[in-house]
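K.L.:
Could you work out the structure for the sequence below:
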Amino acid sequence: MPFADAVVDLETELTNALSAIIDDADPDRIERFVRLLIKKEIVLKLIIMDVNRF
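P.N.:
Numbers count the residues shown, from 1 in each chain. The predicted structure is shown next:
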């Protein structure tokens, strides 16, 4: 499934980015990244809800 594969790839890249940000130990960067993760979760849920309507 292309969508599922894209989500897995996105999660993998976000995990790698999070590791790099945590290693940097900059609280502001960590906070911005966590906000990005929250927004990603919201967008994915909205997409899934929209797809399930059809």
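K.L.:
got the contact list for Arg32?
P.N.:
By Cβ atoms under 8 Å, 6 or more residues apart in numbering, Arg32 lies in contact with nothing. (Glycine included, C-beta is placed from N, CA and C.)
K.L.:
chain center to the helix or strand harbouring it, what's the gap?
P.N.:
Using DSSP states H and E, Arg32 sits within helix 27-52. Its chain's C-alpha centre and that of helix 27-52 lie 6 Å apart, by Cα atoms, centre = their mean, to the nearest Å.
K.L.:
for that helix, which positions count as buried?
P.N.:
By neighbour count on 16 or more other Cβ atoms under 10 Å, the buried set for helix 27-52 is Phe33.
K.L.:
Report how many residues lie close to Ile21.
P.N.:
Counted with other Cβ atoms under 10 Å, the neighbours of Ile21 add up to 16.
K.L.:
give me every residue that touches it.
P.N.:
The contact partners of Ile21, by Cβ under 8 Å, 6+ apart, come to 29-30, 33.
K.L.:
and the residues you listed as JSON lines, adding distance to Val7 and pLDDT?
P.N.:
Output for the contacts of Ile21, formatted as JSON lines (distance: Cβ to Cβ, whole Å; pLDDT from 0 to 100):
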{"residue": "Arg29", "distance to Val7": "24", "pLDDT": "90"}
{"residue": "Ile30", "distance to Val7": "23", "pLDDT": "89"}
{"residue": "Phe33", "distance to Val7": "18", "pLDDT": "90"}
